[in-house]
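Undergrad: make a model of this:
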Amino acid sequence: MTTIWSGAAAATAMLAACSQPAELRVDSAWIRMPAAAGRPGVVYFTVHGGEAPARLIAISSAWAIRTDMHESMGGPGGMASMKPIDHVDIPARADVAFAPGGRHAMVYGINPAVHVGDTMTFTFTFADGQRIRRIARVVGPAASGPA
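TA: Below you'll find the model as predicted:
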């Protein structure tokens with residue numbers, strides 16, 4: 001009898017979780033500092049879609065002059081290339097990752113006061129006017145992820 005009750009309780013909890021409205025959000029943000037001063041850093045993160053599709057149109061930080069979205073693509077002879085992108089569509093209830101080897105944001109003119117181990121705040125702007133602020137951990141140039 002206990003097993004049946006536990007199974008029923010688990011099923012009810014799972015159904016309740018499924019019926020929760022999805023919220024547009026950004027998480028797992030981190031920024032890889034450039035290897036040489038004056039070069040751009042790179043910020044990575046994941047956008048989780050809400051109930052309706054969304055469009056990410058800009059990323060900014062008060063600690064940088066400019067941030068541009070890019071997408072890496074395989075090139076001839078296995079050489080990767082990048083192309084700038086002006087927006088990224090976020091499907092409803094889907095996750096869109098900005099990760100090494102794929103989509104990412106180049107961060108130009110990082111304030112020299114920012115160092116490895118610090119954090120930077122980024123603002124993610126969507127076409128509907130929604131803005132989401134998230135903190136990104138600053139890691140060194142050789143890091144493959146947040147510390």
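
Undergrad: and residue 50, how many neighbours?
TA: Neighbour count of residue 50, defined by other Cβ atoms under 10 Å: 18. Quick note: C-beta positions are derived from backbone N, CA and C, even for glycine.

Undergrad: ok, which stretches of this protein are helices?
TA: Using DSSP state H, the helices of the chain run over 2-18.

Undergrad: any stretches of it with poor pLDDT?
TA: 1-19, 75-79, 147 (pLDDT under 70).

Undergrad: any idea how far residue 72 lies from residue 117?
TA: Residue 72 sits 26 Å away from residue 117, going by Cβ to Cβ, to the nearest Å.

Undergrad: brain fart, residue 20
TA: Taking Cβ to Cβ as the measure, residue 20 falls 35 Å from residue 117.

Undergrad: of residue 72 and residue 117, who's got more company?
TA: Per other Cβ under 10 Å, whichever of residue 72 and residue 117 has more neighbours is residue 72, with 15 against 10.

Undergrad: quick one: residues contacting the closest residue to residue 30 other than its chain neighbours.
TA: Using Cβ to Cβ, 6 or more residues apart in numbering and skipping residues adjacent in sequence, the residue nearest residue 30 is residue 146, 3.9 Å away. Going by Cβ atoms under 8 Å, 6 or more residues apart in numbering, residue 146 touches 28, 30, 137, 139.

Undergrad: same check, this time on residue 74
TA: Applying Cβ under 8 Å, 6+ apart to residue 74 gives the contacts 80, 81.

Undergrad: now with 6 Å?
TA: With Cβ atoms under 6 Å, 6 or more residues apart in numbering as the criterion, no residue contacts residue 74.

Undergrad: residue 80 contacts residue 100, doesn't it?
TA: No. Assessed by Cβ atoms under 6 Å, residue 80 is found out of contact with residue 100, at 10.4 Å.

Undergrad: so which of the two has more stuff around it?
TA: Between residue 80 and residue 100, counted using other Cβ under 10 Å, residue 100 has the larger neighbour count: 13 against 9.

Undergrad: now that one. Its backbone dihedrals?
TA: phi -50, psi 130 (degrees, to the nearest 10).

Undergrad: same question for residue 86.
TA: The phi/psi pair for residue 86 (degrees, to the nearest 10) reads phi -100, psi -10.
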